[in-house]
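coords below, sequence missing:
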C-alpha cells in the first residue's frame, strides 16, 4: 500500500514538472514572459518583406523581445514591438528589418543609439528595410530585361567611336583640335605666369578697397542710419502729399469741391463765357471811344 502511494506521488511530480517544462519551452519559443514590466514601441517601416508576428527582436545582436502586431496603413507598415524593460534604447535608436538566417527568416535589429535621452514609448519611430537575398535577386531579375538594351547601346557607342577613329578626315580634325587645345593651354599658362604680379596687384587692390569700404561704412554708420531715416521720413511725407493730391483730383472729378464745380458745372461755364463776352465787348467799346472822341459817360442822378 505504501509502495503504491509512493509511485503515485512520483508520477504526479513527474507530470507537474513535465507540464512546467512544456509551458516554459512554449513561452520561450513564442517569446512570452511572466514579467509584468515590458517596453512597447511602435515603428513605421516602408516594407517588412515577410516579417511575421512572433519574429524576434535583437538589440545589438542580443534577443530582447518579439513582434507583437503588424498593421499596414497606406504605403507604410506599423509594427508593434514587445521588448524587455531593461532594453536601454535612446531617442536616436535605429530600427532595421533584416534576414535572420539564410533560410529566409526575418527579425528586427535595433541599434540602441548614442544620445542622452531615453526612448519615448509614446512616439512613432521610423524604421528601415535592409535588402535581403530575395530582394537582390528580384532586382537582378528586373535588370535582366534591361541588360540587352544597355549592351546594345554600349555597342552602338563603340561602333560610332571606331568609325570616328577610322575616318581619316575626322581623325585629322581630332588631332588638330587636340593640338590647338594644347597650344591654347600652353599660351594660357604662359599668360598667367607673365601677368601673375598684375593679378596679385588686382587682388590686393580689391582686398584693400573692400577693407576701406568696410571701414568707411563702420565709421559713418550713424550718419548713414540718420540719412536713411530722413529719407524714409521724406518718402512717407511724399506718400501723404501724393495721397492728398489724388484725393483732390478725385473730388474735383466728382464735383465734390469748388474747383470741380467750376470746371465741370455746365451752367457756371456758360455764365463764365457770357461774362467774358460782355467784358470783351466793353473793352472793344472803350477802345473805339478812346480812338475817336474819348470816353463818354452817361449818368442819371435822381435826388430825393
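Cool, got the structure. Just so it is clear, the structure is predicted and the values come from calculations on it, not from any experiment.

I'd like the next helix or strand past the helix or strand bottoming out on mean pLDDT in the chain.
The weakest-scoring helix or strand in the chain, judged by mean pLDDT, DSSP states H and E, is helix 133-144 (a mean of 61). Counting by DSSP states H and E, the next helix or strand C-terminal to helix 133-144 is helix 147-166.

what's around residue 239, how many residues?
Using other CB atoms under 10 Å, residue 239 is surrounded by 10 other residues. Bear in mind the C-beta positions are built from the backbone N, C-alpha and C, glycine included.

next: the one 3 residues further on.
Counted with other CB under 10 Å, the neighbours of residue 242 add up to 10.

for the nearest residue in space to residue 89 that is not next to it in sequence, which residues are in contact?
In space, and not counting its chain neighbours, residue 89 is closest to residue 119: 4.1 Å by CB to CB, 6 or more residues apart in numbering. Neighbouring residues of residue 119 by CB atoms under 8 Å, 6 or more residues apart in numbering: 41, 89, 90, 91, 93, 113, 125.

quick check, nearest of those residues to residue 199?
Taking CB to CB as the measure, residue 199 sits nearest to residue 113 out of the contacts of residue 119, at 52.1 Å.

contact partners for the closest one?
Residue 113 is in contact with 89, 90, 91, 92, 93, 94, 119, counting by CB under 8 Å, 6+ apart.

at 10 Å what do you get?
By CB atoms under 10 Å, 6 or more residues apart in numbering, the residues touching residue 113 are 88, 89, 90, 91, 92, 93, 94, 119.

and which of the residues you listed is nearest residue 72?
Among those, and counting by CB to CB, the member closest to residue 72 is residue 94, at 21.7 Å.

the closest one - nearest residue in space that isn't next to it in sequence?
Per CB to CB, 6+ apart, closest to residue 94 is residue 111, 4.3 Å.

residues near that neighbour, how many?
If you count neighbours by other CB under 10 Å, residue 111 ends up with 14.

quick one: low-confidence parts of the stretch 51-200 of the chain?
Counting by pLDDT under 70, the ranges of the stretch 51-200 of the chain that qualify are 102-104, 131-145, 165.

all helices for it, in order.
133-144, 147-166, 168-194, 196-219 (DSSP state H, counting those that start in this stretch).

I'd like these as a markdown table, with distance to residue 79 and mean neighbour count appended.
Output for the helices of the stretch 51-200 of the chain, formatted as a markdown table (distance: least, CB to CB, whole Å; neighbours: other CB atoms under 10 Å):
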| stretch | distance to residue 79 | mean neighbour count |
| --- | --- | --- |
| helix 133-144 | 18 | 10 |
| helix 147-166 | 36 | 10 |
| helix 168-194 | 60 | 10 |
| helix 196-219 | 58 | 10 |
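
returning to what we had before: make a PyMOL selection of the buried ones in the contacts of residue 119.
Command for PyMOL that selects the buried part of the contacts of residue 119, burial taken from 16 or more other CB atoms under 10 Å:
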select buried, resi 41+89+93+113+125
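
tell me where the longest strand sits in the chain.
In the chain, with assignment by DSSP state E, the single longest strand is strand 62-73.

apart from its neighbours in sequence, what residue is nearest residue 72?
Nearest non-adjacent residue to residue 72, counting by CB to CB, 6+ apart: residue 78, 7.6 Å away.

partners of that neighbour in the sheet?
Note on residue 78: beta-bridge partners residue 44, residue 71, judged by DSSP bridges.

distance of it from residue 68?
Distance of residue 78 to residue 68, given as CB to CB, to the nearest Å: 11 Å.

again with residue 243
For residue 243, the distance to residue 68 (CB to CB) stands at 71 Å.

please apply the same query to residue 287.
In terms of CB to CB, residue 287 sits 118 Å off from residue 68.

please consider this matter closed, and thank you.
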